[in-house]
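Asks: got a sequence here, can you build the structure:
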Amino acid sequence: MFQDMNKAFSQSMEPFKDLVNIQTKMLEELTRQQMACTKSCIEATIQQTKEMQNCQSPTELMELQKTYAKKLEDTLKDASEHNLQALGEARSEMERLTQDTFDAFASKK
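Replies: Got it, this is the predicted structure:
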């Protein structure tokens with residue numbers, strides 16, 4: 001009897017375990033992407049600082065600053081797109097899991 005109850009409980013908790021796994025995978029991906037974005041921004045800042053020392057005129061400095069701002073903008077835009085993609089994939093997996101779970105309960109009636 002206890003084994004049957006334990007088996008039923010484990011089966012009923014399976015969707016929640018899957019949900020936790022989906023969320024964990026999503027958070028790991030978001031963290032990886034954010035770390036890469038932060039690294040890229042830091043590297044761009046270091047490069048900008050090194051190149052500023054070679055500027056001979058205000059025009060060169062302005063061009064360097066424009067290039068730096070564009071690089072940061074591209075980096076942040078890319079990170080945003082990847083973050084949205086990871087969130088979208090997690091959402092799709094959660095929707096599929098939810099639908100499969102509802103279908104399983106509906107078939108038991």
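Asks: who touches the residue positioned nearest the centre of the chain in this structure?
Replies: By Cα atoms, centre = their mean, the chain has its centre lying nearest to residue 30, at 2.4 Å. Listed by Cβ atoms under 8 Å, 6 or more residues apart in numbering, the contact partners of residue 30 are 83, 86-87. Glycine gets a C-beta too; all of them are placed from N, C-alpha and C.
Asks: ranking by neighbours, what's the top pick from those residues?
Replies: residue 86 (18 neighbours; other Cβ atoms under 10 Å).
Asks: model confidence at the nearest residue to that one once chain neighbours are set aside, what's the number?
Replies: Nearest non-adjacent residue to residue 86, counting by Cβ to Cβ, 6 or more residues apart in numbering: residue 29, 4.5 Å away. The predicted structure scores residue 29 at 95 on the pLDDT scale.
Asks: just the mean pLDDT for stretch 7-19, thanks.
Replies: Mean pLDDT, taken over the full extent of stretch 7-19, equals 80.
Asks: got the CA positions of it in PDB?
Replies: Once side chains and other backbone atoms are set aside, the C-alpha atoms of stretch 7-19 remain, and they are given as PDB (Å, rounded to 0.1, in the frame of the first residue of the first chain):
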ATOM      1  CA  LYS A   7       4.500   5.600  -6.800                       C
ATOM      2  CA  ALA A   8       1.400   7.600  -7.300                       C
ATOM      3  CA  PHE A   9       3.000  10.600  -5.500                       C
ATOM      4  CA  SER A  10       6.100  10.300  -7.600                       C
ATOM      5  CA  GLN A  11       4.100  10.200 -10.800                       C
ATOM      6  CA  SER A  12       2.000  13.200  -9.800                       C
ATOM      7  CA  MET A  13       5.100  15.200  -8.900                       C
ATOM      8  CA  GLU A  14       6.800  14.400 -12.300                       C
ATOM      9  CA  PRO A  15       5.500  17.500 -14.100                       C
ATOM     10  CA  PHE A  16       6.800  19.700 -11.200                       C
ATOM     11  CA  LYS A  17      10.200  18.100 -11.500                       C
ATOM     12  CA  ASP A  18      10.200  18.700 -15.300                       C
ATOM     13  CA  LEU A  19       9.200  22.300 -14.700                       C
END
